[in-house]
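Colleague: only geometry, no sequence info:
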């Protein structure tokens with residue numbers, strides 16, 4: 001039995017990554033951007049030809065009628081919520097297990113977030129829990145395709161249609177993910193994508209909203225874009241009188257759109273390699289009972305912004321998730337917990353006791369009478385506090401069999417040393 005690196009043994013992972021640094025750009029686009037900078041074309045008010053070309057390409061890729069290029073993923077989600085005409089006081093059901101933008105887009109529109117629970121294996125929104133949260137004030141559902149895993153859109157669409165609710169997708173981590181060959185971002189009334197440097201389509205800072213409903217696109221336009229951005233020629237006549245400069249400045253530059261256009265044709269190939277790497281690692285660790293990668297239904301194709309897995313302390317001789325994470329980190333495998341605290345427990349959502357800096361939503365939450373509780377989201381609480389682990393996977397755009405095998409060896413090495421790790425953990429507890 002090899003000694004753990006935590007105890008002075010050799011580190012397991014020694015291989016260098018084959019894939020180049022992320023994000024990846026071609027020499028051609030690097031030259032294009034350099035020329036744009038030399039010519040002073042660093043801002044276009046969103047009116048540039050490349051912005052329009054990028055929007056058209058993104059719409060065609062996803063099979064939707066309209067897209068809107070904006071400054072960030074957060075902006076794209078706010079545009080999606082506003083485009084669906086969500087108003088102050090409306091209730092919007094969403095996931096407690098996500099990045100803050102998924103809830104922020106609701107708050108910034110003056111609406112009230114309502115949190116459904118999630119599924120144990122994936123952390124995706126549980127359709128049954130969503131159905132239980134619907135009230136007469138519910139107007140929309142914001143679905144999160146977390147880690148690149150597609151949520152159960154057929155079930156969620158049925159719920160939304162039954163109750164006449166808008167259905168909005170947060171695709172910030174799921175570029176290229178599919179259900180039965182159909183891309184996420186094309187199932188709902190609107191969707192938002194983050195395209196900042198750390199996502200599966202990475203520029204510097206950028207977002208994209210998609211929709212096939214013209215009213216949604218038009219309302220998002222007049223919320224977010226400088227009037228000079230062809231807004232008057234794009235929106236329907238009924239919206240013309242509302243076009244002015246009372247906007248959120250969510251415009252994007254030609255530079256970021258050029259970077260996105262450079263990556264879009266290569267997304268499918270990169271995702272194929274990410275999936276192959278993840279699936280090899282899952283296969284090589286399948287015999288370890290206390291760590292489990294999700295098994296997805298037929299037709300579901302995640303895009304693996306991160307690979308997620310569950311940790312079962314009761315099958316690991318009581319070794320806690322935190323101890324396991326530390327041992328794996330010393331072997332060369334980072335396994336962070338992406339959502340360590342569910343969103344409903346965050347301080348700036350506690351209207352009854354909040355005394356911090358002013359927010360634009362606290363009075364709305366107080367007036368609504370909403371009260372967020374850990375008891376309403378038991379599965380999410382378990383994931384955040386005990387079982388959920390993630391491996392960032394953006395970087396693995398080329399086949400990485402050697403690195404995946406070394407990662408798997410690290411899992412097995414720690415598994416073989418559970419007894420020693422358990423004793424070490426107890427000693428640390430006594431000394432603390």
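Modeller: Everything's here; your move. Since we're looking at a predicted model, the values are computed, not measured. Residues are numbered from 1 along each chain as shown.
Colleague: Just give the nearest non-adjacent residue to residue 198, would you?
Modeller: Excluding the flanking residues, the one nearest residue 198 by CB to CB, 6 or more residues apart in numbering is residue 394, at 6.5 Å. All C-beta atoms are positioned from the backbone trio N, CA, C, and that covers glycine.
Colleague: Do you know the pLDDT at the spatially most central residue of the chain?
Modeller: The centroid of the chain falls nearest to residue 173 when counting by CA atoms, centre = their mean (3.6 Å). What the model reports as pLDDT for residue 173 is 98.
Colleague: what's the neighbour count on residue 426?
Modeller: By other CB atoms under 10 Å, the residues close to residue 426 number 11.
Colleague: quick one, what contacts residue 183?
Modeller: The neighbourhood of residue 183, defined by CB atoms under 8 Å, 6 or more residues apart in numbering, consists of 61-63, 176-177.
Colleague: Any chance of CSV for those, columns pLDDT?
Modeller: Shown next, in CSV, are those (pLDDT from 0 to 100):
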residue, pLDDT
61, 98
62, 98
63, 98
176, 98
177, 98
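Colleague: which one of those residues has the most neighbours?
Modeller: Using other CB under 10 Å as the neighbour test, the contacts of residue 183 are led by residue 176, with 27 neighbours.
Colleague: how far away is that one from residue 144?
Modeller: Computed with CB to CB, to the nearest Å, the distance linking residue 176 and residue 144 is 16 Å.
Colleague: So what does the residue nearest to residue 198 have for phi and psi?
Modeller: The phi and psi values for residue 394, taken as degrees, to the nearest 10, are phi -50, psi -40.
Colleague: partner residues bridging residue 118?
Modeller: Beta bridges link residue 118 to residue 125, judged by DSSP bridges.
Colleague: Please go through the chain and pick out the longest helix.
Modeller: Longest helix in the chain, counting residues (DSSP state H): helix 267-284.
Colleague: what comes up buried for that helix?
Modeller: Buried residues in helix 267-284, counted by 16 or more other CB atoms under 10 Å: 267, 270-271, 273-278, 280-282, 284.
Colleague: Take those and lay them out in CSV including pLDDT and distance to residue 418.
Modeller: As requested, these are exported to CSV (pLDDT from 0 to 100; distance: CB to CB, whole Å):
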residue, pLDDT, distance to residue 418
267, 98, 40
270, 98, 36
271, 98, 35
273, 98, 33
274, 98, 30
275, 98, 30
276, 98, 30
277, 98, 26
278, 98, 24
280, 98, 24
281, 98, 20
282, 98, 20
284, 98, 18
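Colleague: from those, which is closest to residue 227?
Modeller: When these are compared for distance to residue 227 (CB to CB), residue 267 wins out at 32.7 Å.
Colleague: coming back round to it: would you mind listing the residues in contact with the residue nearest to residue 198?
Modeller: 22, 198-200, 202, 274, 305.
Colleague: ok, 7 Å please
Modeller: By CB atoms under 7 Å, 6 or more residues apart in numbering, residue 394 lies in contact with 22, 198, 200, 305.
Colleague: Now, the residues you listed that are in helices?
Modeller: Of the contacts of residue 394, none are assigned to helices by DSSP H.
Colleague: What number of neighbouring residues does residue 13 come out with?
Modeller: Residues within reach of residue 13, counting by other CB under 10 Å, total 17.
Colleague: repeat for residue 201
Modeller: Neighbours of residue 201 under the rule other CB under 10 Å: 22.
Colleague: where's residue 43 relative to residue 32, distance?
Modeller: For residue 43, the distance to residue 32 (CB to CB) stands at 16 Å.
Colleague: higher neighbour count, the two?
Modeller: Between residue 43 and residue 32, residue 32 has the larger neighbour count (other CB under 10 Å), namely 19 against 13.
Colleague: which one is residue 288 nearest to, not counting chain neighbours?
Modeller: Spatial nearest neighbour of residue 288, chain neighbours left out: residue 415 (5.1 Å); criterion: CB to CB, 6+ apart.
Colleague: buried set for the strand or helix carrying that neighbour?
Modeller: Under the criterion of DSSP states H and E, residue 415 resides in helix 401-416. Neighbour-count burial for helix 401-416, counted by 16+ other CB under 10 Å, picks out 403-404, 406-411, 413-415.
Colleague: again with stretch 200-215
Modeller: 200-203, 205-213, 215.
Colleague: Next, the distance between the ends of it.
Modeller: 29 Å (CA to CA, to the nearest Å).
Colleague: So what touches the helix or strand containing residue 140?
Modeller: In the assignment (DSSP H and E), residue 140 maps to strand 138-144. Outside of strand 138-144, the residues within contact range by CB under 7 Å, 6+ apart are 84, 86, 90-95, 98, 102, 105-106, 125, 130, 151, 156, 160, 163, 165-170.
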